[in-house]
Each structure stands twice: as C-alpha cells, then as structure tokens.
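Colleague: No letters, just coordinates:
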C-alpha cells in the first residue's frame, strides 16, 4: 500500500474559487475527511495567521490563497504518511521548527488523536503559536521554545505539568534539557538541509520512530553526504513519498527515515512512491 498522498494535478476548483473549497477537495483526494468542524478550525487558524501577520511578520505570504493552498495544504499533505507510519492511533508527533504552525497545527486539526508538540525557538512565532492554540481550543498540543540541536537528547516533548512544559497563557521561557526522548514521529519543513535535519531529529525519536522531511526535490540516499549523515545519526532510509499541492505542476517529496528499534543503522533500499 502506498504511503504517499496522490500526486494528482489540478483539483476541483480553480484560482477564482474559494481556497478553502480547493483545500477540502485536495484533502479528500489525499484520503483526509475534513468535516465542518475541521474546516471551521482551519478558517479560524488562517484568520489568526493573517491578523497576527499584519502586526508582526510571521510569514512572507500574507495572501489568504497562498496561506491556504501553499502552507496549510502542505501541512495536510503529510497526514496520510504520518498515519501510515504511526505505531498506534495516538502517536506523539513533533513539529521541528514549527514556525507559524502550518504543519503541526494542520496535522492536529486533521488528526485530533495525535499528540502534537510544536518546537519553535523564535519568540514572535512562539507567542503566536501559544495564542493560536488557545484560540482554536486544541487539546493535547504542547509548545516548547527551543532550537533544534544535533546533540543527543537536545529536546523533549514534556507531558503536561512536567518541568519545562509550556502551559498556555504563561510567559514564554526556554525549557531545560532533559535526557529523555519521546517522539514517535518527527516532521520538519524548511528547517535545514536534510543531512542536518537527520542529526537534529533522530535523537528526539523513540527507537523505531520515523522522521519525515519536506523536500522540493527527491533526496538521493546514495549521495555521500546523505550516507554519512545517516551513518552518523543512526538512521535507516525508508523512501521518498511524492505529492503535489493544489493547482501546482511540480511534485514535492516527503523523505522518510527511521531510527532502528534496537540500535545500529541500516542503509536501507531506496524507493520512491508515487501514484
């Protein structure tokens, strides 16, 4: 069974239609059922992004259609892949370098059972994420103000009430280091080259967990740089999963890596998935 969202071309609707209708059609093609409640949350979230962006820049794309069809759609595109990789129905998902939350918040809305952690070091974006999560009434979502660190045990998604957790509504503060890792799934978009993402993210994963990295071109696991990074991080290669954003002609890719369940790494066989 393919883990990839369909790499279709144009979806129902066009540039002159409501971008949310186009988004809903794309999500349905990817196997994501967005009901009235989910669509209402996505509309409110986009409104919050636009409102906050008028006061302080958190994204270069202030246009509603660009936010919806480029960024929120990108967040939804990974949901089928994450669900197929998840070890159980309510996994711990870490959005590494969450920014304005386009990935993590979209995932949480489309997949309410997932326990999502937003990891974001920049104060303005961290403040926005806190306000947006409260406004949307999202449950089982955690915020950590921390930079990705390639050193082992550099980050941890604290359970509610644990030292370093960020309860909504309290002043932002950096969380202390902890020796525990806890993510079943880590996702990264526009964070760093894929080799650096590997070094930063693998220590955050439980053994057997998966890292999903957004890429505009398909990474080649045979490249010397990526092979060295996989060996250093202790990662195995699972493949590139192809998808396409609404009304776009170029394919994009989700590169998947795994932290082996019993230590050690396997180079894995490269495979690309498309439909």
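Modeller: Perfect, thanks for sending it. This structure is a prediction, so every number in the text was calculated from the model and none was measured.
Colleague: so what's residue 43 up against?
Modeller: residue 20 (C-beta atoms under 8 Å, 6 or more residues apart in numbering). Glycine gets a C-beta too; all of them are placed from N, C-alpha and C.
Colleague: Show me what counts as buried in the top helix by length along the chain.
Modeller: Determined from DSSP state H, the single longest helix within the chain is helix 36-55. Across helix 36-55, burial judged by 16 or more other C-beta atoms under 10 Å covers 38, 39, 41, 42, 45, 46, 48, 49, 52, 53.
Colleague: Check stretch 88-95 too.
Modeller: Neighbour-count burial for stretch 88-95 [16+ other C-beta under 10 Å]: 91, 92, 93, 94, 95.
Colleague: Looking at these, which is nearest residue 146?
Modeller: residue 94 (10.8 Å; C-beta to C-beta).
Colleague: show me the contacts for that closest one.
Modeller: Contacts of residue 94 (C-beta under 8 Å, 6+ apart): 116, 117, 119, 155, 157, 183, 185, 186, 187, 201, 204.
Colleague: With adjacent residues omitted, what lies nearest to residue 238?
Modeller: Nearest in space to residue 238, with sequence neighbours left out and distances taken as C-beta to C-beta, 6 or more residues apart in numbering, is residue 256 at 3.9 Å.
Colleague: Partner strands of the helix or strand hosting the one you found, with direction?
Modeller: Applying DSSP states H and E as the criterion places residue 256 in strand 252-258. Strand 252-258 has the following strand partners under DSSP bridges: strand 205-215 (antiparallel), strand 236-243 (antiparallel).
Colleague: quick one: the strands in the protein?
Modeller: 92-96, 115-119, 141-144, 183-188, 205-215, 236-243, 252-258, 272-273 (DSSP state E).
Colleague: Tell me, please, where in the stretch 101-250 of the chain the pLDDT is lower than the cut-off.
Modeller: 148-181 (pLDDT under 70).
Colleague: any chance you could map the helices in it?
Modeller: 104-110, 123-136, 194-201, 224-233 (DSSP state H, counting those that start in this stretch).
Colleague: one step back: export the contacts of residue 94 to a markdown table and append columns for neighbour count and distance to residue 130.
Modeller: As requested, these are arranged in a markdown table below (neighbours: other C-beta atoms under 10 Å; distance: C-beta to C-beta, whole Å):
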| residue | neighbour count | distance to residue 130 |
| --- | --- | --- |
| 116 | 30 | 14 |
| 117 | 25 | 13 |
| 119 | 30 | 13 |
| 155 | 27 | 18 |
| 157 | 26 | 15 |
| 183 | 28 | 20 |
| 185 | 27 | 22 |
| 186 | 30 | 21 |
| 187 | 28 | 20 |
| 201 | 32 | 23 |
| 204 | 28 | 21 |
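Colleague: Could you find which two of the residues you listed are furthest from each other?
Modeller: Most distant of these, by C-beta to C-beta, are 116 and 201, 15.2 Å apart.
Colleague: ok, back up a step: in TSV: the strands of the chain, plus distance to residue 102.
Modeller: Putting the strands of the chain into TSV (distance: least, C-beta to C-beta, whole Å) gives the following:
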stretch	distance to residue 102
strand 92-96	9
strand 115-119	11
strand 141-144	14
strand 183-188	11
strand 205-215	10
strand 236-243	15
strand 252-258	14
strand 272-273	23
